[in-house]
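> Predicted model, plus sequence, below.
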Amino acid sequence: MIEAKSLTKTYPDGTGALHDVTFDIRDGESCSVIGPSGCGKTTLLLIFSGILKPTEGKALIEGEDVTASLKELALIFQDYGLFPWKTVYENASLGLELRGFGKRERKRIVSALLKDLDLQGFEKYYPKQLSGGMQQRVAFARALALNPRILLMDEPLSSLDALTRENLQNFLLQLWKQKRMTMLLVTHSIEEAVFLGRKVIVLSPRPGTVIKTVDNPQMGDLDYRIKEVFFEKCREVRQNLDGGAI
Amino acid sequence: MPGSKAELRWWSYLITAVAIFGLWHLVAVILDSIALPTPLTALSAFISGLKEGLISHSLISTLRIVYGIALAFSLAVPIGLVSHETRVDKFVAPFIYLLYPIPHIVLLPVIILLFGIGDLSKIIIIAMIVFFQILVTTRDASRNVSGNYIYPMLSLGASRKEIYKHVILPACVPKILTAMRISVGTSIAVLFFVESFATTRGLGYLIMDAWSRANYPDLYAAIVTMALLGFSIYVVLDQVEKRVCRWVYV
Ligand SMILES: Nc1ncnc2c1ncn2[C@@H]1O[C@H](COP(=O)(O)OP(=O)(O)OP(=O)(O)O)[C@@H](O)[C@H]1O
Ligand SMILES: [Mg+2]
């Protein structure tokens, strides 16, 4: 269970990023967060990763205050968070290395993942030799290698073309159905939010606060995208997004 | 065409070298002065010099430079890297600001009074000057390592030490190596200066000695050797950079 209780974050320079944000996500549930640019979405994820401290309120995971990065949680960054001086393999296995996994085990886990993610043969490449979609998949590999129970994602697909994007959305949906991890997905895209979120949290412009939580129980199938109820949900989310202004 | 890029580079270096020697030869012939021998005369003096201790003189000079740069490197790089911490930079920044701009070579008399006129003073003065060049560059580089690289490390649960190992150091290595290459030129200039008095060993001494004897072939033999010394260190650093910073060039 992930809980935000009246989370407020004001940066030291006085910028208010979040204001009184409250929501909860049950174990194994997937939840999308959508809101206009600069409304504090990244800030929210950084707080749950234990990287930033809230100014007020609490961020709880399993009822415990988040004070440092948790072993069962992985975060995928908006700009991928890859290191240009590390190869694909080194980037993908970094999390395991930092957690003290031995060489062999790292190799076993990462090789399998890279294969699943269609990155086999690119182990020795550097990030800048890859396309955006491939870099994004390396970031996925690094997070998934840790076999997290909680997966936080910051607009992971926003810079990809429509086709790659849909492929990775399908990948995420299947991953979630298979592993039933708790997922928190930040996105700019209404369709993505509705396709991947069992519930969709709509945030206001900065400082972000919860405008509405849209329940979306019908999600979970690859062909949800072409169903009438999908479009209805998209409309509902759009209406809540301050007149659709993003 | 496989390898054509490398070949092109190899040829362009050769052509440049030939052009430099050709120009030298031309100017020597035109001036027709005893003060400027042709490259061939210098070369033959260089070769006969090899028998007369040119090698041991250049070895001493090489050691002075290598020790000086190594000493500077081993102090400047760690200090520059930890300046990433604002806490540390509070002390390092004003230190650099006040001490970097002054010409350190003028401290030579003080260094000699403190450490004698032997090799130690020479190494220390080289180290001192190069230290600031490496420190300034390393510190700027580590201060500029973006938070976008630190957050992913924190989210993976990395310790301070691991952040330095996986992020700060590799991010700064290209800048550090550039600073090292620049410092080769500086250290050779300083070497010449400190070897030009109160010593009877080293290439700087050979140059001053040949000059005072007006023995121009010897003079040029020593000059060429000094140039070769700088060139060799530069090549070594270049190779290190190609290996360590492969990610920059892919
Ligand atoms: N370190 C910081 N110091 C001061 N202000 C910051 C800092 N980081 C972010 N902000 C500000 O806080 C607000 C929220 O930032 P955040 O990155 O969380 O937004 P976001 O919703 O992720 O935006 P986007 O959709 O564009 O990624 C923005 O106005 C931003 O300028
Ligand atoms: Mg963001």
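Perfect, I can see it now. Residues are numbered from 1 along each chain as shown, chains lettered A, B, ... in the order given. Ligands and ions are numbered 1, 2, ... in the order given.

> continuing past the host helix or strand of residue B:233, what's the next helix or strand?
Here residue B:233, judged by DSSP states H and E, is contained in helix B:216-244. Remark: after helix B:216-244, the chain's next helix or strand is helix B:246-249, criterion DSSP H and E.

> Alpha carbons only: can I get that following helix in CSV?
Extracted in CSV, the C-alpha atoms of helix B:246-249 (Å, rounded to 0.1, in the frame of the first residue of the first chain):
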residue,chain,number,x,y,z
ARG,B,246,35.8,5.5,-25.3
TRP,B,247,32.3,6.5,-24.5
VAL,B,248,33.1,10.1,-25.5
TYR,B,249,34.2,9.2,-29.0
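
> what about it and chain A, touching?
Yes - residues of helix B:246-249 contacting chain A under C-beta under 8 Å from any C-beta of the partner chain: B:246-247. From N, CA and C alone the C-beta is placed, and that goes for glycine too.

> And the helix holding residue B:233, what's buried?
The neighbour-count check on helix B:216-244 (16 or more other C-beta atoms under 10 Å in any protein chain shown) flags B:216-226, B:229-230, B:233, B:237, B:241 as buried.

> end-to-end on stretch B:100-110?
In stretch B:100-110, first residue to last residue: 17 Å (C-alpha to C-alpha, to the nearest Å).

> returning to that earlier point: now flag whichever of the buried residues of helix B:216-244 is closest to chain A.
residue B:241 (13.0 Å; C-beta to the nearest C-beta).

> With adjacent residues omitted, what lies nearest to that closest one?
In space, residue B:241 comes closest to residue B:177 once its chain neighbours are excluded; the distance is 4.5 Å by C-beta to C-beta, 6 or more residues apart in numbering or on different chains.

> quick one on the thing from earlier: ok now the helix holding residue B:233, how far from the chain's centre?
Distance of helix B:216-244 from its chain centroid, counting by C-alpha atoms, centre = their mean, to the nearest Å, is 10 Å.

> Look up phi and psi at the closest residue to chain B within chain A.
Nearest residue of chain A to chain B: residue A:81, at 3.5 Å (C-beta to the nearest C-beta). Here is the backbone geometry of residue A:81 (degrees, to the nearest 10): phi 60, psi 30.

> Which residue would be the closest one in chain A to ligand 2?
Residue of chain A nearest ligand 2, by C-beta to the ion: residue A:42 (3.2 Å).

> For that residue, which non-adjacent residue is spatially closest?
residue A:154 (5.5 Å).

> got the contact list for that neighbour?
A:41-42, A:45, A:75-78, A:186 (C-beta atoms under 8 Å, 6 or more residues apart in numbering or on different chains).

> cool, residue A:207 as well?
Contacts of residue A:207 (C-beta under 8 Å, 6+ apart): A:8-10, A:16-19, A:39-40.

> same thing with residue A:53?
residue A:47.

> Now do the helix holding residue B:233: which elements does it pack against?
Applying 3 or more C-beta pairs under 8 Å, 6 or more residues apart in numbering or on different chains; DSSP states H and E, one finds that helix B:216-244 contacts helix B:39-51, helix B:54-82, helix B:169-195, helix B:203-212.

> what angle do that helix and helix B:39-51 make?
80 degrees (axes from the mean of the first three to the mean of the last three C-alpha atoms, to 10 degrees).

> coming back round to it: do I have it right that the residue of chain A closest to chain B meets residue A:138?
No - between residue A:81 and residue A:138 there is no contact under C-beta atoms under 8 Å: 9.9 Å.

> Comparing these two, which residue is more hemmed in?
Legend: neighbour count by other C-beta atoms under 10 Å in any protein chain shown for residue A:81 and residue A:138, higher for residue A:138 (26 against 23).

> Could you tell me the model confidence score at the more buried one?
For residue A:138, the model assigns a pLDDT of 95.

> Give me the distance between the residue nearest in space to the middle of chain B and ligand 1.
When C-alpha atoms, centre = their mean is applied to chain B, the residue found nearest the centroid is residue B:184 (1.0 Å). According to C-beta to the nearest ligand atom, to the nearest Å, residue B:184 stands 40 Å off from ligand 1.

> and the residue positioned nearest the centre of chain A, what is it in contact with?
Nearest to the mean C-alpha position of chain A, by C-alpha atoms, centre = their mean, lies residue A:153 at 1.2 Å. If you count contacts by C-beta under 8 Å, 6+ apart, residue A:153 has them with A:75-76, A:183-186.

> filter the residues you listed down to the ones close to chain B.
Among those, chain B is touched by residue A:75 when using C-beta under 8 Å from any C-beta.

> What mean pLDDT does stretch B:134-148 get?
If you average the pLDDT over stretch B:134-148, you get 94.

> anything in that stretch near chain A?
Yes - with C-beta under 8 Å from any C-beta as the criterion, chain A is reached by stretch B:134-148 at residue B:148.

> Please name the strands paired to the helix or strand where residue A:212 lies in the sheet, noting orientation.
Assigned by DSSP H and E, residue A:212 falls within strand A:210-215. Neighbouring strands of strand A:210-215 in its sheet, by DSSP bridges, are strand A:199-203 (antiparallel).

> what residues does the strand it pairs with touch?
Contacts for strand A:199-203 (C-beta under 8 Å, 6+ apart): A:21, A:23, A:25, A:29, A:31-36, A:39-41, A:193-194, A:209-216, A:233, A:237, A:240-241.

> try stretch A:162-173
Outside stretch A:162-173, the residues touching it (C-beta under 8 Å, 6+ apart) are A:117, A:133, A:136-137, A:140, A:156-157, A:160, A:183, A:185, A:192, A:195-196, A:220, A:222.

> Which ones among these lie within helices?
Judged by DSSP state H, the contacts of stretch A:162-173 include A:133, A:136-137, A:140, A:192, A:195-196 as members of helices.

> top of those by neighbour count?
Neighbour counts for the ones in helices among the contacts of stretch A:162-173 (other C-beta under 10 Å) peak at residue A:137, which has 28 neighbours.

> In contact with that one, which residues?
Contacts of residue A:137 were listed using C-beta under 8 Å, 6+ apart, and they are A:117-119, A:168.

> Show me how to select, in PyMOL, the buried members of the residues you listed.
Buried residues among the contacts of residue A:137 (16+ other C-beta under 10 Å), as a PyMOL selection:
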select buried, chain A and resi 117+119+168
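
> and the strand holding residue A:212, C-alpha only, in CSV?
Extracted as CSV, the C-alpha positions of strand A:210-215 are listed here (Å, rounded to 0.1, in the frame of the first residue of the first chain):
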residue,chain,number,x,y,z
VAL,A,210,-5.7,16.1,-6.6
ILE,A,211,-8.6,17.4,-8.7
LYS,A,212,-10.2,14.1,-9.2
THR,A,213,-9.6,10.4,-9.0
VAL,A,214,-11.2,8.6,-12.0
ASP,A,215,-12.0,5.0,-11.4
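
> Name the single longest helix found in chain A.
Under DSSP H, chain A gives helix A:162-179 as its longest helix.

> If anything else comes up later, I'll come back, but that's it for now.
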